[in-house]
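# My questions are about this predicted structure, shown below with the sequence.
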Amino acid sequence: MASWTDALVEFVEKSALLCETIKRNGDDERYAARIDRMSQKLEALAASLDETEPQSAKALRASWERPVRSLAFRNAAHQKHDAD
């Protein structure tokens, strides 16, 4: 993946983690419309990338839908790269 994709995936992970914190704190009703718009915009971006950058689109969707899992896989890949 391109370096811009890595940076964007990290940004989306952080945004998704913030959304999870908002839900956990009970503020999800207050921010639901904003989070829904973020989700729609992210899906539109991923859909536009599907043909030219399918791996990037897949990474963006995964980082939004399951940020903790995405972060764990990215950290594991980083640690493996450092070990090599």
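Structure's in. What do you need?
# and the spatially most central residue of the chain, what element?
The residue lying closest to the centre of the chain (Cα atoms, centre = their mean) is residue 63, at 2.6 Å. Residue 63 belongs to helix 54-65 when assigned by DSSP states H and E.
# Next up, the contacts around the residue nearest to the centre of the chain.
Listed by Cβ atoms under 8 Å, 6 or more residues apart in numbering, the contact partners of residue 63 are 9, 10, 12, 13, 16, 70, 71. All C-beta atoms are positioned from the backbone trio N, CA, C, and that covers glycine.
# And the helix holding residue 63, what's buried?
56, 57, 59, 60, 61, 62, 63, 64 (16 or more other Cβ atoms under 10 Å).
# Would you format those residues as JSON lines with distance to residue 83 and pLDDT included?
Formatted as JSON lines, the buried residues of helix 54-65 follow (distance: Cβ to Cβ, whole Å; pLDDT from 0 to 100):
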{"residue": "56", "distance to residue 83": "26", "pLDDT": "94"}
{"residue": "57", "distance to residue 83": "29", "pLDDT": "95"}
{"residue": "59", "distance to residue 83": "22", "pLDDT": "92"}
{"residue": "60", "distance to residue 83": "27", "pLDDT": "93"}
{"residue": "61", "distance to residue 83": "28", "pLDDT": "94"}
{"residue": "62", "distance to residue 83": "24", "pLDDT": "92"}
{"residue": "63", "distance to residue 83": "24", "pLDDT": "92"}
{"residue": "64", "distance to residue 83": "29", "pLDDT": "94"}
